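In: Need a 3D model of the sequence below.
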Amino acid sequence: FEGQAGDVIELVLWETTSGVVVEGEIFGPGSVSAPLFVDLRGPTTLTLPESGTYYVRVHDSSHFYALNYWIGLEWLYPLSGRCQVQALSCGQSVSAAISSTTEQDLYAFQGIQGDVISLVVWETTAGIEILADVYGPTSSTTPAFPEVRGETLIELPESGTFTVRVRESSYYYSGNYWIGLEWIYPTASQCDVTFAPCAETISGQISATTEQDFFGFTASEPDVASIVLTSTASGFSPRADLFGPDSPTIPIATDLVGAVDVDLPTAGRYTLRVREASFYYGGSYDVSIELVNGCQPEFVRGDANLDGDIDIADAIAILGYLFLAEPGTCDDAMDANGSNSIGIGDPIFLSAYLFQTGSPPPSPFPMCGTDGGVDSLGCDLSICP
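Out: Prediction:
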């Protein structure tokens with residue numbers, strides 16, 4: 001094989017004939033008479049010392065017996081050298097297979113330092129164990145998070161491209177598996193988050209192994225959340241975990257099922273994650289969330305027409321509401337200047353921000369949030385999750 005100085009590879013070598021031992025040696029471009037790496041068997045991670053053509057010699061350990069074997073090669077560094085890397089996106093669950101001895105599957109995703117992800121890896125073939133190793137942008141030779149199995153919360157230590165290597169634990173057996181990726185923190189990175197209307201029942205479905213559903217709501221003050229989670233499919237065991245504004249890596253309440261009251265220690269955005277108890281089986285469920293002190297809808301101040309953008313169309317929508325009796329569905333969003341009322345000052349304020357470098361609208365802006373219920377305005381419809 002061809003390699004460059006500094007490349008990091010993993011060579012896997014296994015015999016498939018019982019009673020004998022296979023071994024390998026690697027000769028480099030400048031080491032034709034003496035091997036650079038000897039006694040290779042099983043998985044071995046190697047850093048190539050020079051550029052050029054490398055040769056792997058495979059033989060029975062005693063040079064006496066005949067045998068069958070598997071050999072596999074994978075690049076760990078650089079990223080461009082890795083082969084058959086599949087992009088893994090937020091909220092995606094992938095069903096795949098380790099088809100042969102020594103095989104490894106590679107997945108890549110982009111992350112920001114401080115992000116908290118949920119990585120779930122499960123085998124679906126009996127008698128084998130599937131593991132995943134997570135390599136960071138600067139941890140090419142040693143995984144930053146080794147031997148992930150089941151569900152694991154990971155706080156990313158740096159920004160860049162992360163690679164997940166999936167393998168059978170011994171590099172020997174084959175079988176099927178699922179892998180899934182979700183964002184726990186920050187809220188803006190969470191995928192497929194559903195805004196949870198106060199006290200309304202939402203019907204959901206876990207369709208695949210590793211799948212998770214997310215529901216967001218906001219508390220304007222310390223409160224108590226009444227959460228009800230029930231299964232609507234025979235044999236299905238849903239569970240819920242609640243993450244708070246100050247607990248992105250550790251849920252403030254976990255394994256919730258049935259009717260449960262949870263103390264919310266601070267104001268802010270909360271995320272309820274619904275999953276199957278073992279992250280393995282699928283089924284349907286109902287969930288509802290109600291706050292004792294009342295739910296506050298989220299909105300973006302200034303987004304009067306609820307199209308997700310702040311532009312001149314929002315100022316026109318406010319003028320239409322004020323002078324043409326056009327309906328408004330979120331008074332809080334039309335209160336662009338935060339005066340706790342809707343008037344001619346709001347389109348003027350918004351136009352100044354857009355065209356005259358005026359001040360931006362007060363919070364919540366530019367992200368979704370609440371105003372704490374400090375005014376008499378409301379929001380009957382929201383595009384916020």
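In: Might one say that residue 311 is in contact with residue 353?
Out: No - in this structure, residue 311 is not within contact of residue 353 by Cβ atoms under 8 Å, at 10.6 Å. From N, CA and C alone the C-beta is placed, and that goes for glycine too.
In: Looking at the two, which is more packed in?
Out: A direct count of neighbours by other Cβ atoms under 10 Å for residue 311 and residue 353 places residue 353 higher, at 19 against 13.
In: how about that one, what does it touch?
Out: 302, 310, 336, 359, 360, 361 (Cβ atoms under 8 Å, 6 or more residues apart in numbering).
In: count of neighbours near the second one?
Out: Counted with other Cβ under 10 Å, the neighbours of residue 310 add up to 23.
In: got it, and the one 3 residues further on?
Out: When neighbours are defined as other Cβ under 10 Å, residue 313 has 12 of them.
In: Could you confirm it falls within a strand?
Out: No - per DSSP: H, G, I helix; E, B strand; the rest coil, residue 313 lies outside any strand segment and is helix.
In: show me what contacts it?
Out: By Cβ under 8 Å, 6+ apart, the contact set of residue 313 is 305, 307.
In: any idea how far residue 306 is from it?
Out: 11 Å (Cβ to Cβ, to the nearest Å).
In: now residue 354, what's its secondary structure?
Out: Going by three-state DSSP: residue 354 is helix.
In: ok, it to residue 309 distance?
Out: Taking Cβ to Cβ, one finds residue 354 at 11 Å from residue 309.
In: Neighbour count: those two, which is higher?
Out: Looking at residue 354 and residue 309 with other Cβ under 10 Å, you find the greater number of neighbours at residue 354, namely 15 against 11.
In: Now do the nearest residue to the more buried one once chain neighbours are set aside: how many residues are near it, please.
Out: Closest residue to residue 354 apart from its sequence neighbours, by Cβ to Cβ, 6 or more residues apart in numbering: residue 312 at 6.3 Å. Residues near residue 312, counting by other Cβ under 10 Å, number 12.
In: quick one, what contacts residue 58?
Out: The contact partners of residue 58, taken as Cβ under 8 Å, 6+ apart, are 13, 22, 23, 24, 69, 71.
In: And the first one, how far from residue 21?
Out: In other words, residue 13. From residue 13 to residue 21 the distance is 10 Å (Cβ to Cβ).
In: okay, and the common contacts of the two?
Out: residue 41.
In: quick revisit: the residue nearest to residue 354 touches residue 352, doesn't it?
Out: No - counting by Cβ under 8 Å, residue 312 does not reach residue 352; the two are 11.9 Å apart.
In: Report the buried residues of stretch 121-135.
Out: 121, 122, 123, 128, 130, 131, 132, 133, 134, 135 (16 or more other Cβ atoms under 10 Å).
In: So the second one belongs to a strand, correct?
Out: Same thing as residue 122. Yes - looking at residue 122 with three-state DSSP, it is inside a strand.
In: any idea which helix or strand comes after the host helix or strand of residue 316?
Out: Counting by DSSP states H and E, the element that carries residue 316 is helix 312-323. Sequence order places helix 331-334 as the next helix or strand after helix 312-323, per DSSP H and E.
In: now for that next one, which elements pack on it?
Out: On a contact count with 3 or more Cβ pairs under 8 Å, 6 or more residues apart in numbering; DSSP states H and E, helix 331-334 meets helix 312-323.
In: contacting residues around the nearest residue to residue 311 once chain neighbours are set aside?
Out: Nearest in space to residue 311, with sequence neighbours left out and distances taken as Cβ to Cβ, 6+ apart, is residue 354 at 6.8 Å. By Cβ under 8 Å, 6+ apart, the residues touching residue 354 are 310, 311, 312, 315.
In: okay, these in a markdown table with pLDDT and distance to residue 208 next?
Out: Shown next, in a markdown table, are these (pLDDT from 0 to 100; distance: Cβ to Cβ, whole Å):
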| residue | pLDDT | distance to residue 208 |
| --- | --- | --- |
| 310 | 92 | 37 |
| 311 | 93 | 39 |
| 312 | 94 | 43 |
| 315 | 94 | 45 |
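In: any chance of those in CSV, plus distance to residue 163?
Out: Putting the contacts of residue 354 into CSV (distance: Cβ to Cβ, whole Å) gives the following:
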residue, distance to residue 163
310, 37
311, 39
312, 44
315, 47
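In: Low-confidence stretches in the chain?
Out: 79-80, 140, 187-188, 248, 294-296, 372-376, 385 (pLDDT under 70).
In: Please go through it and pick out the longest strand.
Out: Secondary structure of the chain per DSSP state E: the longest strand is strand 175-185.
In: helices or strands next to that strand in the packing?
Out: strand 93-98, strand 116-123, strand 130-135, strand 160-168, strand 268-276.
In: in the sheet, who's paired with residue 276?
Out: Per DSSP bridges, the residues bridged to residue 276 are residue 238.
In: So residue 13 and residue 21 - more neighbours on which side?
Out: residue 13 (22 against 13).
In: what kind of secondary structure is that one in?
Out: strand.
In: which residues does it contact?
Out: Shown in contact with residue 13 (Cβ under 8 Å, 6+ apart): 22-24, 40-42, 44, 58, 69-72, 102.
In: Inside strands: which ones of these?
Out: Counting by DSSP E, the contacts of residue 13 contribute 22, 23, 24, 40, 42, 44, 58, 69, 70, 71, 72 to strands.
In: Please type out the PyMOL selection for whichever of those turn out to be buried.
Out: This is how PyMOL selects the buried members of these, with burial counted by 16+ other Cβ under 10 Å:
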select buried, resi 22+23+24+40+69+70+72
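In: Widest-spaced pair of the ones in strands among the contacts of residue 13?
Out: Spatial extent of these (Cβ to Cβ) is set by the pair 23 and 72 at 15.4 Å.
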